[in-house]
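A.B. asks: Compute the structure for the input listed below.
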Amino acid sequence: MRTPSVTMQPREGKMVHVVPVIDLREGGVVHARRGDRGRYPPLRSSLCDGNDPVAVVGGLLRLHPFRIVYAADLDAIQGTGDNRLTLARLKAAFPEVAFWVDAGFRTADAVRGFVGSGLGDPVLGSESLDGLAPLTALKADPVWDRVILSLDFRDRFVGPPGLLERADLWPQRIIVMTLARVGSGEGPDWSRLAEIGRIGPQASLFAAGGVRDGGDLRDLAARGGAGALVATALHDGRIGGAELAALSR
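C.D. replies: Okay, here's the model as predicted:
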């Protein structure tokens, strides 16, 4: 059931940016569901055979010419390794795609090093940050325009105390990540999106978790959202190429 009474700041126009998501673990793409990372199975998609990341992104691009792909390096986020070689394969295979990468960045130096690698734009997940110091340091750095902040929620906010009240430390692009809704098909967390929109009205907000179909994406645009991170609804066909083309106009 949709909740049209909850709104963010209205935006002119109706275009919404759909950002497909790939979750990387041990060199393959897994199917994220409700933030229970230890139980994510290998991805099964209608868009490609198998779960090799190059095949998965290729399938997504055959569906629609996405300009951005979000990649979560689950091994790096959990501190068990990383998928840098896989990210390098993806960048070599799809040089025209901008990759937003959450690799569990904890410090400003880690962010600077990643930007220097040329593999993509760094997503700072609030669940991984060591306090507010990384954002304070990066705000005065030339890499600041490359930074995306993911405000992560489970039952409550997961991140440094005070970050939700410090919109002055937020970059322009903000992901509102409701982990319990990832892969759930329950719809976006409209109340939380509205709350973040009130705190940082100038930010470009991207919803993550629960997007079901084109109706949710149109609602998001009408409410002032800049875009959405989507995975399951693309792979199972609930959001198809014709709808994506219409939404991007």
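
A.B. asks: And the lengthiest strand in the chain, what does it pack against?
C.D. replies: Ordering each strand of the chain by length in residues (DSSP state E) puts strand 17-25 first. The elements that strand 17-25 packs onto, with contact taken as 3 or more C-beta pairs under 8 Å, 6 or more residues apart in numbering; DSSP states H and E, are strand 28-30, helix 53-63, strand 68-73, helix 74-78, strand 204-208, strand 227-230. All C-beta spots, glycine's among them, are computed from the backbone N, C-alpha and C.

A.B. asks: Serialize these to TSV and add fields for mean neighbour count.
C.D. replies: Listed next are these as TSV, based on neighbours: other C-beta atoms under 10 Å:
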stretch	mean neighbour count
strand 28-30	21
helix 53-63	19
strand 68-73	24
helix 74-78	20
strand 204-208	25
strand 227-230	25
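
A.B. asks: so which of those comes closest to D216?
C.D. replies: strand 227-230 (7.4 Å; C-beta to C-beta).

A.B. asks: Indicate each strand paired with the closest one and its parallel or antiparallel sense.
C.D. replies: strand 17-25 (parallel), strand 204-208 (parallel) (DSSP bridges).

A.B. asks: Quick one: closest of these to E96.
C.D. replies: strand 17-25 (14.5 Å).

A.B. asks: Listing request: residues of the protein with sub-threshold pLDDT.
C.D. replies: Low-confidence segments of the chain, defined by pLDDT under 70: 1-14, 34-38, 183-185.

A.B. asks: the strands in the protein, which residues?
C.D. replies: Under DSSP E, the chain gives strands at 17-25, 28-30, 68-73, 98-102, 121-125, 148-153, 157-158, 173-178, 204-208, 227-230.

A.B. asks: I'd like to know which of those strands is closest to D109.
C.D. replies: Closest approach to D109 among the strands of the chain (C-beta to C-beta): strand 121-125, 11.7 Å.

A.B. asks: isn't G227 right up against V19?
C.D. replies: Yes - counting by C-beta atoms under 8 Å, V19 is a contact partner of G227 at 5.8 Å.

A.B. asks: residues contacting P20?
C.D. replies: Contact analysis of P20 by C-beta atoms under 8 Å, 6 or more residues apart in numbering lists V57, L60, F66, V69, Y70, L229, V230, A231, L234.
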